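Novice: Sequence first, predicted coordinates after that:
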Amino acid sequence: MAENQKKLGGRIWFNIILFGFMGQIAWAVENMFFNTFLYNAIYNGASQTAVDGSIDVMSAISIMVAASASFTVVATFLIGTWSDKAGKRKWFISIGYILWGLVTASFGVISREHTASLFHLTDEVQILTATVATVIVMDCLMSFIGSSGNDAAFNAWVTDVTSTKNRATVESVLALLPLIATAAVMGLAGAVGTIGYDVFFFVLGAIVTVCGICGLFTLKDGKIHTEVSESYLKDLVYGFKPSVVKENKKLYLALTACCLSSTAFQVFFPYIFIYLGNVMNFSLDAVLTSLTPTIIAIAAVVVVLAIALLIFTGKLMDKFGKDKFMVFSVVLYFLGLIATGFAKNIAVFFVCAVPALLGWALFSIAMNASVRDFMPEGKVGVFQGIRIIFFVLIPMIVGPFIGNLVCRISSVTYTNEYGVVTSAPGSVMFWAAAVVAVFILIPVLVLRKKEKNA
């Protein structure tokens, strides 16, 4: 790892942005639109008998998120360690993205009708249950492949080609990509009613596949200094050894803080678009048709300023230290979540969501960069599996469970156009997320103390 490296070349920046952005496109489709796909396409149109006799839609989403997270962890351990042993990441990234796009596109052919035909089913409860199971299984496959290319290989590659001198700047750019990718996917999603979910998944899957093909020609491996053992199994369990945890206390404190932040986010995130569309009555189509050149210009200016602010903040973190921004960002995150829970209309909701997202983004920049800094040299790929346990597995199991639990207790329901009553997420999930966010301060303050005493 080139610790004295201060500037990154254009080729590195191109690939960071390209694969970072396309990876977030694919994750946005999975994390948000597979959920709405279940809610609006698989369950929507099913009879009350089928809905009542099958698994509840909120529980199905919670199970899907947890199951896919488990496959993400397995893939990251296996491929991250393998890429260390191979001494290269390029092929894992490129092939992973190619297959990732193909699996994403395959969701375009999943429907209750196809399930009934494929498995020769006639009972509507069995048809709905089998279709939901198919979506969950395919989501797990997509998570395994996507994590191989993105979480295991691409994230290790970013650590390979950056240093402590520029990681917060890189993380500030990476933190923007999920927001831009979400906006891009939402723009295409606004046309789902016209083009259908099949075309939606086909188009986005093709885009990710083309990115993987591009990587075959643009990606170049960084200098990978590996310290792998002769035993592949020993490398897989390396990060679980008590002695390794003790030697890398700062890393595990940073990972714990990231885990709590991600868990708070996952309390509401899997249900957010269902909440906006079916509880807050937000219509993307209505927003798009109401846009005027003036509104578009103002929105463009705001986006540019937000991008400039985050990148500038990343540079400040590189210069003055990441720890100086952590407490402020957690407090901002907490207050934004509390305010969002009180929002009664869509305009107030988006205003309140800004500080929550800003706090989350600032914290992510600082702590993600810190995780890369604290990662032992020579074990970058090996530690991607440990990283994903804290970043994905625990948050995506615990977070949606908390969100589902508090929403079911609050008994929010939604009646669709077919007159079928189903459970729906409620604003209480934002307050539950805020409670989780408070606990982020514990590892953050301990880490700051250790940094000052170092």
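Specialist: Right, received. Where do you want to start? Residues are numbered from 1 along each chain as shown.
Novice: measure residue 427 to residue 147 for me?
Specialist: Look at residue 427 and residue 147: by Cβ to Cβ, to the nearest Å, they are 32 Å apart. Every C-beta, even on glycine, is put in place using the N, C-alpha and C of the backbone.
Novice: Please save the CA atoms from stretch 354-366 in PDB.
Specialist: What follows is stretch 354-366, C-alpha atoms only, in PDB (Å, rounded to 0.1, in the frame of the first residue of the first chain):
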ATOM      1  CA  VAL A 354     -31.800  16.200   4.700                       C
ATOM      2  CA  PRO A 355     -29.900  16.500   8.100                       C
ATOM      3  CA  ALA A 356     -30.400  12.700   8.700                       C
ATOM      4  CA  LEU A 357     -28.800  11.900   5.300                       C
ATOM      5  CA  LEU A 358     -26.100  14.500   5.700                       C
ATOM      6  CA  GLY A 359     -25.200  13.200   9.200                       C
ATOM      7  CA  TRP A 360     -25.100   9.600   7.900                       C
ATOM      8  CA  ALA A 361     -23.000  10.600   4.900                       C
ATOM      9  CA  LEU A 362     -20.500  12.600   6.900                       C
ATOM     10  CA  PHE A 363     -20.200   9.700   9.400                       C
ATOM     11  CA  SER A 364     -19.800   7.200   6.700                       C
ATOM     12  CA  ILE A 365     -17.000   9.200   5.000                       C
ATOM     13  CA  ALA A 366     -15.000   9.500   8.300                       C
END
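Novice: Show me the contact partners of that stretch.
Specialist: For stretch 354-366, contacts defined as Cβ atoms under 8 Å, 6 or more residues apart in numbering pick out 168, 171-172, 175-176, 179, 258, 261, 265, 310, 313-314, 317, 322-323, 325-326, 328-337, 339-340, 430, 440.
Novice: Quick one: residues contacting the most far-flung residue of the chain relative to its centre.
Specialist: Using Cα atoms, centre = their mean, the residue of the chain lying farthest from its centre is residue 122. It sits 36.8 Å away. For residue 122, the contacting residues are residue 116, by Cβ under 8 Å, 6+ apart.
Novice: element containing the residue lying closest to residue 188 once chain neighbours are set aside?
Specialist: Distances taken as Cβ to Cβ, 6 or more residues apart in numbering place residue 200 nearest to residue 188, at 6.4 Å, with adjacent residues excluded. In this assignment (DSSP states H and E), residue 200 forms part of helix 192-218.
Novice: Show me what counts as buried in that helix.
Specialist: By neighbour count on 16 or more other Cβ atoms under 10 Å, the buried set for helix 192-218 is 192, 197-198, 200-202, 204-205, 207-209, 211-212, 214-215.
Novice: again, but for stretch 266-280
Specialist: By neighbour count on 16+ other Cβ under 10 Å, the buried set for stretch 266-280 is 266-280.
Novice: hey, where'd the strands end up in the stretch 151-300 of the chain?
Specialist: Assigned strands in the stretch 151-300 of the chain: none (criterion: DSSP state E, counting those that start in this stretch).
Novice: hang on, the earlier thing: between the buried residues of helix 192-218, which is nearest residue 66?
Specialist: Within the buried residues of helix 192-218, the smallest distance to residue 66 is 22.2 Å, found for residue 201 (Cβ to Cβ).
Novice: Residue 102 is in contact with that closest one, correct?
Specialist: No - using Cβ atoms under 8 Å, residue 201 makes no contact with residue 102, being 10.8 Å away.
Novice: What's the mean pLDDT across stretch 276-288?
Specialist: In this model, stretch 276-288 has a mean pLDDT of 68.
Novice: for stretch 82-94, that is, sorry about that
Specialist: On average, stretch 82-94 scores 89.
Novice: Ok, stretch 100-120 next?
Specialist: Mean per-residue pLDDT for stretch 100-120: 92.
Novice: That stretch: which residues count as buried?
Specialist: In terms of neighbour count (16+ other Cβ under 10 Å), stretch 100-120 has its buried residues at 100-105, 107-108, 110-112, 115-116.
Novice: same deal with stretch 123-131?
Specialist: Those would be 124-131, for stretch 123-131 by 16+ other Cβ under 10 Å.
Novice: Repeat that for stretch 319-331.
Specialist: By 16+ other Cβ under 10 Å, the buried positions in stretch 319-331 come out as 322-323, 325-326, 329-331.
Novice: and if you look at stretch 38-48?
Specialist: Neighbour counts using 16+ other Cβ under 10 Å place 38-44, 46 of stretch 38-48 among the buried residues.
Novice: what does stretch 370-388 give?
Specialist: Within stretch 370-388, the residues that count as buried by 16+ other Cβ under 10 Å are 370-375, 379-388.
Novice: where does the stretch 51-200 of the chain dip in pLDDT?
Specialist: Along the stretch 51-200 of the chain, segments meeting pLDDT under 70 span 189-193.
Novice: circling back: between the buried residues of stretch 100-120, which is nearest residue 395?
Specialist: Residue 395 lies nearest to residue 100 out of the buried residues of stretch 100-120, by Cβ to Cβ, at 20.9 Å.
Novice: Quick check: the closest one vs residue 145, distance?
Specialist: Residue 100 sits 5 Å away from residue 145, taking Cβ to Cβ as the criterion.
Novice: got it, and residue 273?
Specialist: 24 Å.
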